[in-house]
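**Student:** Model the following, please.
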Amino acid sequence: MTIANKTAIADGSNEIQRKAASDADAVQCGVNIAAIVGSFHRHLLALQQSGVRGDELFNHPVALSFTSKLNALCRMSHDRELDALRAVRRIERGESVEYEVIPL
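**Tutor:** Next up is the predicted model:
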């Protein structure tokens, strides 16, 4: 069984979506990961409260833009992601882990 993709509309006439898009665009030049995550969180909550939920929220251009920036800042690759997940499990067990730091 194949599930067909659907589309949704990002409403540029909606002030909440416009502000979220403006900040999503602005963070593309940012390097402060804590500020970017805070802004992302604030906009996700606002979008959710305005009725954008579920798959439409996960795939909203604002969510994708912020996620793209976080991936870029963390130098994310598939191998790096798997290494991080393994490290998190070790940290959960009380172990210390060494990890690679890639400068900006």
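
**Student:** ok, now how distant is Asp83 from Leu70?
**Tutor:** 17 Å (C-beta to C-beta, to the nearest Å). Yep, even glycine has a C-beta here, placed from its N, CA and C like the rest.

**Student:** ends of stretch 65-80, how far apart?
**Tutor:** End-to-end span of stretch 65-80 (C-alpha to C-alpha, to the nearest Å): 20 Å.

**Student:** List the buried residues of the helix or strand hosting Leu64.
**Tutor:** For Leu64, the host element (DSSP states H and E) is helix 61-73. By neighbour count with 16 or more other C-beta atoms under 10 Å, helix 61-73 contains the buried residues Val62, Ala63, Ser65, Phe66, Lys69, Leu73.

**Student:** swap in stretch 93-102?
**Tutor:** Buried-residue list, stretch 93-102, by 16+ other C-beta under 10 Å: empty.

**Student:** packing partners for the helix ranked longest in the chain?
**Tutor:** Longest helix in the chain by number of residues (criterion: DSSP state H): helix 33-49. With contacts taken as 3 or more C-beta pairs under 8 Å, 6 or more residues apart in numbering; DSSP states H and E, helix 33-49 sits against helix 15-26, helix 54-58, helix 61-73.
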